[in-house]
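*Asks:* Build me a model:
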Amino acid sequence: MTDHQRLTPAIELARRNGARFPNESEDYRRARDVLLAEEIELRRHIERVAEQRRALPPGGEVKKEYRFQGNSGPVTLKDLFADKDTLVVYSYMFGPERERPCPMCTCLLSAWDGEVPDMQQRVALAVVARSPIERLLSFKKERGWRYLPLYSDIDGAYSRDYRALGEGGNDDAAFNVFTRRDGTIRHFWSEEMGQVTADPGQDPRGAPDPMPIWTVLDTTPEGRPADWYPKLSYSSQI
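*Replies:* I've put the predicted structure just below:
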C-alpha cells in the first residue's frame, strides 16, 4: 500500500476544517467544503507528480561544452553549477531580433527575482537569452531586477539543443533542469507542455504553472482570462 492510499480521505479532512466566515450561507459552506476536498486532492496529486518526476531515470548526458557570456565574462554550462549539484536554466525570449523582450517571460522573471537568494540555497539558477549580455544587463537595470543571474547564449547552441528556439528560429521559452553526479552532467527534466498538449479554450501552459500571477487569478471569480496577457508596462504607471 502506498502512502497516498493510507491518507485520510480528503472529504473527511475538509469536514474537520471548521472554517466559517461572516454571514455565509449553508449552501456556500457545503459547496466550499466540497471544493476544499478537491483542493486537498489537487495538493496530493501535485506531490505524486513531483515524486514521479524525482524518480525519472537518468536523462541524456550533456556532451557539448555550451558557452555563455555573463556579467563577469565567459562561462560554460559546468561553471553555472557553481557549488551545487542541480542547475535550473530558464530560457528567456529576448533574442537579438526582438526590439523588446517577451512580456510573459518578463512577468515570470520579475516574480522570480526576489526568490533568487532563496532558490540559490538549494540549486543553481541561470536565465539565458540570445541577446548580447550588455543588452540583457541594460534591461535588468531598467526593470529593477536585483538578483536574476543573466547570461547570453553566445552562439545559440544551447538554445537550439534545449528547446529554446521555435519554428523558423524564433525565440521560445524553455525551462530545463540539469544534474551533476560524479562529475557527469545530465539533463534531468524539461517543461514539455505546449500547443499540442493544450486543452480546448485554454492558453497552452504547464502544470504546476511557475507564474504566480496565474495562481492568484485562479482564486478569483473572473479566473484566468483567455484573452489577457501581461505587458511590459501599463498606461496607468508613472
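*Asks:* What's the local residue count around H45?
*Replies:* A count of nearby residues for H45, using other CB atoms under 10 Å, gives 12. From N, CA and C alone the C-beta is placed, and that goes for glycine too.
*Asks:* Which secondary structure elements does the host helix or strand of V89 sit against?
*Replies:* If you go by DSSP states H and E, V89 is part of strand 86-91. For strand 86-91, the elements it packs on are helix 77-80, helix 103-113, strand 124-129, strand 174-181, judged by 3 or more CB pairs under 8 Å, 6 or more residues apart in numbering; DSSP states H and E.
*Asks:* Can you check which helix is longest in this structure?
*Replies:* helix 26-54 (DSSP state H).
*Asks:* how near is the residue nearest to the spatial centre of the chain to E115?
*Replies:* Using CA atoms, centre = their mean, the residue of the chain that lies closest to the mean C-alpha position is P210, 3.5 Å off. With distances defined as CB to CB, to the nearest Å, the gap from P210 to E115 amounts to 11 Å.
*Asks:* Parallel or antiparallel, list what pairs with the strand holding V89.
*Replies:* For strand 86-91, the pairing partners within the sheet under DSSP bridges are strand 124-129 (parallel), strand 174-181 (antiparallel).
*Asks:* Quick check: which of those strands has the most neighbours on average?
*Replies:* With neighbours defined as mean count of other CB atoms under 10 Å, the strands paired with strand 86-91 peak in mean count at strand 124-129, which reaches a mean of 24.
*Asks:* Could you check the angle that one makes with helix 103-113?
*Replies:* Going by axes from the mean of the first three to the mean of the last three CA atoms, to 10 degrees, strand 124-129 is angled at 160 degrees with respect to helix 103-113.
*Asks:* and the helix or strand following strand 124-129, what other elements does it pack with?
*Replies:* Under the assignment DSSP H and E, the closest C-terminal helix or strand after strand 124-129 is helix 133-143. The contact analysis (3+ CB pairs under 8 Å, 6+ apart) places helix 133-143 against strand 150-153.
*Asks:* pLDDT of the strand it packs on, averaged?
*Replies:* The average of the pLDDT scores along strand 150-153 is 98.
*Asks:* How about stretch 67-83?
*Replies:* In this model, stretch 67-83 has an average pLDDT of 97.
*Asks:* The protein - how does it break down into domains?
*Replies:* Taking automatic domain parsing as the domain assignment, the record places the domains of the chain at 1-55, 67-190.
*Asks:* For S233, which of these is the nearest?
*Replies:* Closest to S233 of the domains of the chain, according to CB to CB: domain 67-190, at 9.1 Å.
*Asks:* Now do that closest one: distance from first to last residue.
*Replies:* Between the opening and closing residues of domain 67-190 there is a gap of 20 Å (CA to CA, to the nearest Å).
*Asks:* just the domains of the chain: most buried one?
*Replies:* Comparing the domains of the chain by mean neighbour count (mean count of other CB under 10 Å), domain 67-190 ranks first with a mean of 17.
*Asks:* Name all residues that make contact with V49.
*Replies:* For V49, the contacting residues are A207, taking CB atoms under 8 Å, 6 or more residues apart in numbering as the criterion.
*Asks:* tell me the pLDDT at it?
*Replies:* V49 is assigned a pLDDT of 96 by the prediction.
*Asks:* could you measure it against V89, distance?
*Replies:* Applying CB to CB to V49 and V89 gives a distance of 21 Å.
*Asks:* give me the low-pLDDT residue ranges for this structure?
*Replies:* Per-residue confidence for the chain (pLDDT under 70) gives these ranges: 1-5, 236-238.
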